[in-house]
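Undergrad: The following block contains a protein sequence and its predicted model.
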Amino acid sequence: MKARHKRLGFLLVGLVVLGAASWLVFNALGSNLSYFFSPTEVAEDKVPTDHVFRLGGLVKPGSVERGEELTVRFDVTDNAHTVKVAYTGILPDLFKEGQGVIAQGRMDSDGVFVAEEVLAKHDENYMSPEVADALEKAHQKGIDDMAKGAKPL
């Protein structure tokens, strides 16, 4: 075998190994990604099925129901749509109605978001950029819808 053929063989084997390693890395990263969605996007079925994602918005006042075994049910809203959330565990100290929240979990077959983790905002002025953007979009959509419905005769 000529030296030229050996180099070509090593190059091909190296490319195959590099391709396999790249595929493994991207496959592992893809399964660990957690995207953020607002209640409006959940209502429009833009969320992935059978994949963990983050749901953010405000805890709807009057919606918190505490059950047995540390199970809490509450609604998350962006002032346009509402999603029911179920969480079993200890909630953060700053969790309360009317405050910003981000829950990580997945949708079940009943349309309830089953949270594995719940995060609350850490002070009076902070809101994650994703939640603030989703609330602003929902607010603007409501204003636009009202303007369309209130056309003069």
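TA: Thanks, I have the structure now.
Undergrad: make it CA atoms for all contacts and neighbour counts henceforth
TA: Will do.
Undergrad: May I ask which helix or strand encompasses the residue nearest to the spatial centre of the chain?
TA: Centroid-nearest residue in the chain: Arg54, 2.1 Å away (criterion: CA atoms, centre = their mean). Secondary structure assigned from DSSP states H and E places Arg54 in strand 53-59.
Undergrad: How far does that strand sit from its chain's centre?
TA: A distance of 7 Å separates the centroid of the chain from that of strand 53-59, by CA atoms, centre = their mean, to the nearest Å.
Undergrad: Can you list the neighbours in contact with the very next helix or strand once past that strand?
TA: Remark: after strand 53-59, the chain's next helix or strand is strand 65-66, criterion DSSP H and E. Strand 65-66 has contacts (CA atoms under 8 Å, 6 or more residues apart in numbering) with Val72, Arg73, Phe74.
Undergrad: can I get these in JSON lines with distance to Thr49, pLDDT and neighbour count?
TA: Below are those laid out as JSON lines (distance: CA to CA, whole Å; pLDDT from 0 to 100; neighbours: other CA atoms under 10 Å):
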{"residue": "Val72", "distance to Thr49": "23", "pLDDT": "94", "neighbour count": "17"}
{"residue": "Arg73", "distance to Thr49": "21", "pLDDT": "95", "neighbour count": "18"}
{"residue": "Phe74", "distance to Thr49": "21", "pLDDT": "95", "neighbour count": "21"}
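Undergrad: Number of residues surrounding Lys60?
TA: As a burial measure, Lys60 scores 21 neighbours (other CA atoms under 10 Å).
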